[in-house]
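*Asks:* predicted model and sequence below, questions to follow.
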Amino acid sequence: MGHRNSAGIVAGAVLGAAFVGYAQTPLSQQPLRWSADALGNHRYLVKVDAAAPAVRVVIPWRRRDAHPENVAVVVAAPDGAAVANVLRGHIDQASGELVFEAKPAGTYAIYYQPYLSKGRSNYPTVTYAAPKDTAEASWAKKTGDAKHWSHLPQATVLRYDAVDDFDAYTDMERTATPDEVQALLAKHPSDAWLLFPETRSNPVRMFDALPERWATRGPGGAFSDTARRGEYLSFQIGAWAPRSPINNVRVNFSDLHADDGSTLPASALTCFNLGGIGYDAKPFTTRVDVAQGRVQPLWMGLDVPASAKPGVYRGEVTVSADSVAAQSIPLVITVGDGEAVAHGDDDPFKLTRLRWLNSTLAQDDSVVKPLTPIETRGDTLDILGREIRLDSSGLPRQISSRFDERMTGFAPAWKPMLTAPIQLMVEDGTGSHALAGAHAPQVQSDGPGKVHWQVAAQAGALQGNVDASLEADGTLVYAVALTARQDVSLRDIRLSVPLQRDVAQYQLGLGRQGDLAPADFSWTWNVQNNQDGAWVGSVNAGLEFHLRDENYRRPLNTNFYHQQPLRMPVSWDNGGKGGIHLHGSGKAYLIEAFSGPRQMKAGETLHYDIVMRVTPFKTIDPAKHFAERFFHKYGDLDAIKADGANVVNIHHATPINPWINYPFLEPAAMRAYVDAAHQRGMRVKIYDTVREVSDRAPELPMLESLGHEVISAGNGGGFSWLQEHLDGDYIAAWHVPENRDAAVINAGQSRWHNYYIEGLDWLARNVGIDGLYLDDVAYDRTTMKRVRKVLQAHRPDPLIDLHSASQYNPRDGYINSVLLYMELFPYIDRLWFGEEFDYEKTSPTYWLTEISGIPYGLMGEMLEHDGNPWRGMLFGMTNRLGWSPGSDPRGLWTLWDAFGIEQAEMIGWWVHDTPVKTNRDDVLATSYVRKGSKTLIALASWAPDKVDARLMIDWKALGLSPSKVTLHAPAIAGFQPEAVFKPGDAIPVQPGKGWLIVVE
């Protein structure tokens, strides 16, 4: 859905329709106690014993918002009516003084954070209502000024209330008063910082204020908690720096000992804030500083072995920092007799899953279907349908493809893609020098799915170190470090990729949408654009490339590119002097990436990193594609099956998957639905990505403690829950008004991806999901491989489809969706592109390269305005049942089944010897051939007006005789009337439409 227009609204509104026999209200969603939109999320109830012209109350609200004096207060009488006669006295974070008219006695409600919401409902702009003077002048005059209010009748504060339990402020969000803070500091006059141990049940939520709980309790003391054998016990120590900054925080754990000598080793403890294992399986450390006045939670975890003896274990954690005295917190952990199931992971609120952040699950070099292990023969590397021969530089000398044009199999002979080796050229005053090594690279195997090689090379005055790898999906990664042996003036450093002209038929990227490859085109770097490479190729042989350096970081995407844009590579960009030139001449097509003139000092190193992918990644399987019929809505399974669908996509904002990208809070309901589907021979996939995370995730306060490792930096705002419970430094993401789900944007690549992989494994094991619906994801190929491996470990044929709204717009940096996500394509099964894709005014080439997925080994479906069904059938595409009222492919499914399309061979219009063509370039034909029996011909027009088209048929290739066949167009509601044609007839074709004709 791309989270930018109607799709998300459908998810919230349409998917909530009633379906008999299935859950409608998630257990994790509580009914609201009042209208939050009218009154806000928080109130105090106060008791007035007797009616009075004016009563006074002081609300001890201990607020965390910085300026309560600027926020309105609404007083509601016992009957719910707003009280107009209200005066505000002294208001600050600690308390608020109010005087109001109390005509009847009873319980009054004081709503103290009413808000106003405007803008798009999925990206709301929420502001807090400013105070208004509603009191009658005469009443206010009688009441007098504030210095006399203490003599008024006093209302009694009964309790704090929230609109629901989820919105309620916790004890960790009730701020200490200034007097309480000063009293605490007076007790610790010489301490530069104060440490507060805290259990996992009370996560720190304020980073700029001290909670009342700590001010009352005081710092230090032992941390005590209980755990079962095999449980992962998380806990926290809050570090407060009241007087000056604290720099370079460090943590050291001791062993924990029981009285009988049993030990829990220090190695079983970790502090997540100080580092861990990255999404790429590489260990890392993080420096933690605490600014003056700030609170820094240090989240820690103890992995209690299942073999641990029950008992009380004692040890300590020592927290130190630069230039301050270290402090030790005693640890007292009672290990009980019981044994935890799966470390306790079945209950996300226990935060045992924090250990998932450092997971390396599925971080290996194995191969997933249908990819095949890499075969190495000297400097020649064979992968599925492709072959790479290496030059002495480590770059490809030749790349060849054996995929056939139909993309359903392999050709008998290899097709060379290059006219000459790919070279990295260094040009100086003495001429041009190609980076070259002394001998062929020595290729080393890392596993069935990956090999690597290193080359010590040189080019003129530069020494080159090349670290390279190839994976089974066709990805070549080059880290090229060029170091000057002496001071040198360079005219250029450039990459030369000379393709065969018949390979370079199409091109996309670099600010161009999919089209015929331009005869001549130039491009330069611009941070406003999410562009660092392109794809150039044909249906069955192509090359994707990206130019980077050692500081590359994946940008944000889907509405948020400019908040974390592409880092310009110092090497290739060279201060705006670099760029890319495409040029076709004769039988060659040259891709030349230049960086322009520069000076290099002796010893200076530049990183000219390159990522290339050889396409296609796999063959397409039309029979499987046509057999898997999707229904994109939560609903009654019997009704869905009766409609002909057998795969159900469960969106977020549905009863069994209510919270975006956090599908763990309704496991019983989801499991029951999945089991019911399996009993009916159907499969269920769920919406789950990591671009944003729901506010419902219990881990969110801990993630916030990691700074911007997981949660992106931003300007805050968004839905009220985010503003009231987060620290303000975030990007507000998708919001579903119907269930008040709100999310924040994740910061690209992070340990949250490790959590995601473990979560998918948990879902596959405990819920039985059959796959994923991915919606404009924010992770790279490293995580995508792990996704496939985890699901394939539990399902012989998991299904993963990828949806994208078109990213080719200014807010997304004009990146082609297909180029943005091409690195994921080897590991997914289907595309659904998507909102803002134009199915009417774009060319067949655009359809082929940008929408269909076929040149990369995928097939897909259509979404925007329910697609163009006539053009879609040229690529085996329909719209998706259940998505919208007009999205209904059932008529086409009926024809497919009557014809037997799963037994046919699909031969696309792009195949040079396709057996069915037309006499017009603007009316194209794809044939589905059951040789010797019958053929289904899909016709679609790009002509601006109604035209007559004649079929040009190779009858021998179809195994049919023209004298014995009929050409029958069966009636399909909303698609075509019934018609009969003869061979050679002129077939009338309306603009933008076409026919499906059965020849038998």
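*Replies:* Everything's here; your move. Small disclaimer: the values here were computed from a predicted structure and weren't measured. Numbers count the residues shown, from 1 in each chain.
*Asks:* which non-adjacent residue is nearest Arg287?
*Replies:* Asn248 (6.0 Å; Cβ to Cβ, 6 or more residues apart in numbering). The way it works is simple: take the backbone N, C-alpha and C, and place the C-beta from them, glycine included.
*Asks:* for that neighbour, what are its contacts?
*Replies:* By Cβ atoms under 8 Å, 6 or more residues apart in numbering, Asn248 lies in contact with Arg287, Val288, Asp289, Ala321, Asp322.
*Asks:* repeat that for 7 Å
*Replies:* Contact partners of Asn248, counting by Cβ atoms under 7 Å, 6 or more residues apart in numbering, are Arg287, Asp289, Ala321, Asp322.
*Asks:* so the second one makes contact with Ser244?
*Replies:* I take that to be Asp289. No - contact criterion Cβ atoms under 7 Å: Asp289 and Ser244 do not qualify, at 11.5 Å.
*Asks:* would CSV of the contacts of Asn248 with pLDDT be doable?
*Replies:* Shown next, in CSV, are the contacts of Asn248 (pLDDT from 0 to 100):
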residue, pLDDT
Arg287, 98
Asp289, 98
Ala321, 98
Asp322, 97
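*Asks:* pick the one among these closest to Asp346.
*Replies:* When those are compared for distance to Asp346 (Cβ to Cβ), Arg287 wins out at 35.0 Å.
*Asks:* mind checking the SS state of that closest one?
*Replies:* The three-state label given to Arg287 by DSSP: H, G, I helix; E, B strand; the rest coil is coil.
*Asks:* neighbours of it, how many?
*Replies:* Arg287: 10 surrounding residues under other Cβ atoms under 10 Å.
*Asks:* same deal with the one 4 residues further on?
*Replies:* As a burial measure, Ala291 scores 14 neighbours (other Cβ under 10 Å).
*Asks:* next: the one 10 residues further on.
*Replies:* Taking other Cβ under 10 Å as the criterion, the count of residues near Gly301 is 22.
*Asks:* again, but for Asp289
*Replies:* With neighbours defined by other Cβ under 10 Å, the count for Asp289 comes to 15.
*Asks:* which one is it nearest to, not counting chain neighbours?
*Replies:* Among residues not flanking Asp289 along the chain, Asn247 sits closest, at 4.9 Å (Cβ to Cβ, 6+ apart).
*Asks:* ok, that neighbour - contacts?
*Replies:* With Cβ under 7 Å, 6+ apart, Asn247 has these contacts: Asp289, Ala321, Asp322.
*Asks:* now do the SS call for Lys641.
*Replies:* Three-state call for Lys641 (three-state DSSP): helix.
*Asks:* ok so, going back, between the contacts of Asn247, which is nearest Asp729?
*Replies:* Nearest to Asp729 among the contacts of Asn247 is Asp289, at 15.3 Å by Cβ to Cβ.
*Asks:* can you report phi and psi for that closest one?
*Replies:* Dihedral angles of Asp289 (phi, psi; degrees, to the nearest 10) stand at phi -120, psi 150.
*Asks:* Leu819 too?
*Replies:* The phi/psi pair for Leu819 (degrees, to the nearest 10) is phi -80, psi -40.
*Asks:* ranges for the helices of the stretch 51-200 of the chain?
*Replies:* Ranges of helices in the stretch 51-200 of the chain, per DSSP state H, counting those that start in this stretch, are 137-143, 178-187.
*Asks:* need those in a markdown table with mean pLDDT, can you?
*Replies:* Shown next, in a markdown table, are the helices of the stretch 51-200 of the chain (pLDDT from 0 to 100):
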| stretch | mean pLDDT |
| --- | --- |
| helix 137-143 | 96 |
| helix 178-187 | 98 |
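*Asks:* Pro970: what's it in contact with?
*Replies:* Contact analysis of Pro970 by Cβ under 7 Å, 6+ apart lists Leu895, Glu978, Val998.
*Asks:* nearest to Gly586, of the contacts of Asn248?
*Replies:* Arg287 (56.6 Å).
*Asks:* so Lys685 sits in a strand?
*Replies:* Yes - per three-state DSSP, Lys685 lies within a strand segment.
*Asks:* quick one: residues contacting it.
*Replies:* By Cβ under 7 Å, 6+ apart, the contact set of Lys685 is Val647, Asn649, Ile650, Ile769, Asp770, Gly771, Leu772, Tyr773, Leu799.
*Asks:* so how far is His865 from it?
*Replies:* According to Cβ to Cβ, to the nearest Å, Lys685 stands 24 Å off from His865.
*Asks:* repeat that for Ser496.
*Replies:* For Ser496, the distance to His865 - Cβ to Cβ - is 43 Å.
*Asks:* check Leu960 too.
*Replies:* Going from Leu960 to His865 by Cβ to Cβ gives 37 Å.
*Asks:* neighbour count winner among these two?
*Replies:* Of the pair Leu960 and His865, Leu960 is the one with more neighbours under other Cβ under 10 Å, namely 23 against 16.
*Asks:* how about the secondary structure of the more buried one?
*Replies:* coil.
*Asks:* roughly how far apart are it and Ala713?
*Replies:* From Leu960 across to Ala713, the span is 65 Å (Cβ to Cβ).
*Asks:* now stretch 660-679: average pLDDT?
*Replies:* The pLDDT scores in stretch 660-679 average 97.
*Asks:* what sits up against that stretch?
*Replies:* Contact with stretch 660-679 is made by 22-23, 26-28, 348, 637, 648, 652, 655-659, 683-684, 686, 688-690, 692-694, 696-697, 734, 741, 743, 759, 763, 766-769, as judged by Cβ under 7 Å, 6+ apart.
*Asks:* let's see which of those residues end up in strands.
*Replies:* Among these, the members falling in strands are Val648, Arg683, Val684, Ile686, Glu692, Val693, Ser694, Trp734, Asp741, Ala743 (criterion: DSSP state E).
*Asks:* just flag the most distant two among those residues.
*Replies:* Arg683 and Ala743 (26.9 Å).
*Asks:* pLDDT value on Ser121, please?
*Replies:* 89.
*Asks:* scratch that, Pro211 is what I was asking about
*Replies:* Listed pLDDT for Pro211 reads 98.
*Asks:* residues near it, how many?
*Replies:* 25.
*Asks:* what's the answer for Asn358, then?
*Replies:* Here the number of neighbours of Asn358 (other Cβ under 10 Å) works out to 18.
*Asks:* quick check: it vs Pro305, distance?
*Replies:* To Pro305, Asn358 is 17 Å away according to Cβ to Cβ.
*Asks:* low-confidence ranges, this structure, go.
*Replies:* The chain contains residues with pLDDT under 70 at 1-24.
*Asks:* spatially central residue in it, please.
*Replies:* In the chain, the C-alpha nearest the mean C-alpha coordinate belongs to Arg691, at 2.7 Å (Cα atoms, centre = their mean).
*Asks:* wait, Val58 touches Ala94, no?
*Replies:* No - in this structure, Val58 is not within contact of Ala94 by Cβ under 7 Å, at 9.7 Å.
*Asks:* ok, for Leu27, nearest residue in space, not its chain neighbours?
*Replies:* Closest residue in space to Leu27, ignoring its immediate chain neighbours: Glu666 at 6.3 Å, by Cβ to Cβ, 6+ apart.
*Asks:* and the one you found, how many residues sit next to it?
*Replies:* The number of residues packed near Glu666 is 22, by other Cβ under 10 Å.
*Asks:* distance of it from Ile650?
*Replies:* 11 Å.
*Asks:* list residues touching both of these two?
*Replies:* In contact with both Glu666 and Ile650: Ile656, Asn657, using Cβ under 7 Å, 6+ apart.
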